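In: Sequence and predicted structure are below.
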Number of protein chains: 2
Amino acid sequence: MEQQTERRMTRHRQVILDEIRKSTGHPTASEVYEMVRKSLPRISLGTVYRNLQILSESGILRTLETGGSKRRFDWNLSGHNHILCVRCGRVDDVGYDLKPDVEETIGSICGYKVTGYLLAFKGLCPKCRNMR
Amino acid sequence: MEQQTERRMTRHRQVILDEIRKSTGHPTASEVYEMVRKSLPRISLGTVYRNLQILSESGILRTLETGGSKRRFDWNLSGHNHILCVRCGRVDDVGYDLKPDVEETIGSICGYKVTGYLLAFKGLCPKCRNMR
DNA sequence: TTACATGCAAAATGTTTGCAAAATC
DNA sequence: GATTTTGCAAACATTTTGCATGTAA
């Protein structure tokens, strides 16, 4: 029997969450760190990482996988996908979902029990596509 | 004007490529390193990384993005996607493609010039789904 | 004989962890 | 007061890089 540890909504945790919710993009851990440092100058990067993990595990945040090397975080929990600018790294939301029966279809092809999928588009964002 | 550097197919490079082509899975850099070390005991990890990058840039290998933390390599260049076992890390091929006009559709929604997408499934592989 | 390739080790990058002190319930 | 959270710094995992030496055309 696993004992669920109690989680406290500390000021640090709340500020981290607020900053992500305020952000329009999908910040990385170090971007969150920089944002949060304005109101909590003595916070450490480790604390940011720990809180991002806790908030993700609690289902309050979503951890993005867009194929880049850095992890990004999203406050928007609804089912949606992302598009990554290959030039500047910006990430936006896009609403595009596979057919609902994809998981069964794929499962029957390869023998896996499919639990989800990762769909991320790549391209040039509006700003970068107009740059030469 | 960019000068394309000449590439030589050295023994090291050839052995790395052969080992990946022999492999059934989708090895990571350190797995390739271990495989190659059997015939080239003095090869260094750095050389493996450099050659994997060169082979990928040349279009001889494909670099996989499955959302995990490690990069994997694939000799199969045909358009196909991957499925990752969340328990043991195994990666298999699956043939599933989005509609050919997805890129235009997505582009017109979000203003990006879409150049590609990353689609990877997740689940439990046949072995792991039968484990308790 | 001039590039390109290699081994080695150090550096860079992104993330996690151990621990004593501090904050929270 | 017991337990969680924090700051700090060190550890960690993966990948990249600098440089002197080696090798192939």
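Out: Structure received.

In: quick check: angle from the strand or helix carrying A:G116 to strand B:113-124?
Out: Following DSSP states H and E, one finds A:G116 within strand A:113-124. Here strand A:113-124 runs at 160 degrees with respect to strand B:113-124, directions being taken by axes from the mean of the first three to the mean of the last three C-alpha atoms, to 10 degrees.

In: Check whether the helix or strand following strand A:113-124 comes near chain B.
Out: Tracing the chain C-terminally past strand A:113-124 and defining elements by DSSP H and E, one meets helix A:126-129 next. Yes: in terms of C-beta under 8 Å from any C-beta of the partner chain, part of helix A:126-129 sits within range of chain B, namely A:126, A:129. Backbone N, C-alpha and C define where each C-beta goes, glycine included.

In: before we move on, the earlier item: chain center to the strand holding A:G116, what's the gap?
Out: Using C-alpha atoms, centre = their mean, to the nearest Å, the mean C-alpha position of strand A:113-124 is found 13 Å from that of the whole chain.

In: Next: stretch A:66-83.
Out: Distance, stretch centre to chain centre, for stretch A:66-83: 4 Å (C-alpha atoms, centre = their mean).

In: do stretch A:18-29 as well
Out: Per C-alpha atoms, centre = their mean, the centroid offset for stretch A:18-29 relative to its chain is 9 Å.

In: Please apply the same query to stretch A:65-77.
Out: For stretch A:65-77 - counting by C-alpha atoms, centre = their mean - the centre lies 3 Å from the chain centre.

In: Any idea how far apart the tips of it sit?
Out: For stretch A:65-77, the first and last residues are 14 Å from each other (C-alpha to C-alpha, to the nearest Å).

In: what does stretch A:65-72 give?
Out: Taking C-alpha to C-alpha, the span from the opening residue of stretch A:65-72 to its closing residue is 7 Å.

In: can you check stretch A:69-86 too?
Out: In terms of C-alpha to C-alpha, the two terminal residues of stretch A:69-86 are separated by 12 Å.

In: What mean pLDDT does that stretch get?
Out: When the per-residue pLDDT values of stretch A:69-86 are averaged, the result is 92.

In: Next: stretch A:28-44.
Out: For stretch A:28-44, mean pLDDT rounds to 96.

In: What residues does chain A have near DNA strand C?
Out: Applying C-beta under 7 Å from any atom of the strand, one finds that chain A approaches DNA strand C through A:8-11, A:28-30, A:45-46, A:49-50, A:53, A:69-71.

In: Counting neighbours, which of these end up buried?
Out: Buried residues within these, counting neighbours by 16 or more other C-beta atoms under 10 Å in any protein chain shown: A:28-29, A:71.

In: Same list (those residues) but as TSV, adding secondary structure.
Out: Rendered in TSV, the data for these read as follows (DSSP: H, G, I helix; E, B strand; the rest coil):
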residue	secondary structure
A:T28	strand
A:A29	helix
A:R71	coil
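
In: Now do the domain split for chain A, please.
Out: Listed by automatic domain parsing, the domain ranges of chain A are A:2-74, A:81-125.

In: so is A:G68 in a helix, a strand, or just coil?
Out: Taken by three-state DSSP, the conformation at A:G68 corresponds to coil.

In: quick check: mean pLDDT across the strand holding A:G116?
Out: Mean per-residue pLDDT for strand A:113-124: 92.

In: can it be found next to chain B?
Out: Yes: applying C-beta under 8 Å from any C-beta, one finds strand A:113-124 in contact with chain B at A:113-124.

In: Now render these as TSV, adding neighbour count.
Out: Putting those into TSV (neighbours: other C-beta atoms under 10 Å in any protein chain shown) gives the following:
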residue	neighbour count
A:K113	15
A:V114	20
A:T115	12
A:G116	11
A:Y117	22
A:L118	21
A:L119	22
A:A120	22
A:F121	26
A:K122	20
A:G123	22
A:L124	20
